[in-house]
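S.K.: Next come a sequence and a model predicted from it.
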Amino acid sequence: MSRIREELQVVPTAAWIIAFAVYFSLAAFLSLGVLENSLWPIWGRALFLAGLPLLPAVGVLLIGYVNGDARRRGMRHVLWTLLAIFIPNAIGIILYFILRDPPMRHCPKCGATVRDGFAFCPACGTAQAQTCPACRHAVEPGWSHCPSCGQGLQAA
């Protein structure tokens, strides 16, 4: 499965339904009401009818993506969805992409979801990363000292 398809599956089904409803209702409104007596050529009307309703439909899908992705990452999805809806000019959506948490991982032993940076799985206690021998905080490979307690890590 491609990466794009995986990300599109994050968007809830309700957002897809609302996006299609917005697209088709706006296209019907434009074709019946606004462009009925237009002096535009037929190809111009067709492009306008196909293109303009895409903007709010894509906006609805982006809001749905923010909701689904925030839920997947263990963030406050209702708060982020409301921010994406009510902060104008898509600034709420942009803020979400800037400030979102890293994706959660799965424990290799029990499969529970574990936040990035956890040294141990909260469900089974399996080590998720290398730890300091003195204070047991997570350390990265290549560090010479623990940033939490200052213990040398060469012996680890």
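M.R.: Cool, the structure landed.
S.K.: so residue 44 is in which element?
M.R.: helix 42-51 (DSSP states H and E).
S.K.: Grab the CA positions of that helix and hand them over as CSV.
M.R.: These are the backbone C-alpha positions of helix 42-51, laid out as CSV (Å, rounded to 0.1, in the frame of the first residue of the first chain):
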residue,chain,number,x,y,z
ILE,A,42,-18.8,26.4,-22.3
TRP,A,43,-15.3,25.2,-21.5
GLY,A,44,-14.9,28.1,-19.0
ARG,A,45,-18.1,27.3,-17.3
ALA,A,46,-17.1,23.6,-17.1
LEU,A,47,-13.7,24.5,-15.5
PHE,A,48,-15.3,26.9,-13.1
LEU,A,49,-17.9,24.3,-12.1
ALA,A,50,-15.3,21.6,-11.6
GLY,A,51,-12.6,23.7,-9.9
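S.K.: Quick check: buried residues in it?
M.R.: Of the residues in helix 42-51, 45, 48-49 count as buried by neighbour count, 16 or more other CB atoms under 10 Å. Where C-beta positions appear, they are placed from N, C-alpha and C, glycine not excepted.
S.K.: same question for the very next helix or strand once past that helix, mean pLDDT?
M.R.: With elements assigned by DSSP H and E, the helix or strand that comes after helix 42-51 is helix 54-72. Averaged over helix 54-72, pLDDT sits at 96.
S.K.: Check which helices and strands helix 54-72 is in contact with.
M.R.: Under the contact definition 3 or more CB pairs under 8 Å, 6 or more residues apart in numbering; DSSP states H and E, helix 54-72 sits against helix 13-29, helix 77-86, helix 91-99.
S.K.: Leaving out the residues flanking it, which one is nearest to the residue nearest to the spatial centre of the chain?
M.R.: Centroid-nearest residue in the chain: residue 69, 3.2 Å away (criterion: CA atoms, centre = their mean). Computed as CB to CB, 6 or more residues apart in numbering, the closest residue to residue 69 that is not its neighbour in sequence is residue 10, at 5.3 Å.
S.K.: Alright, I will stop here.
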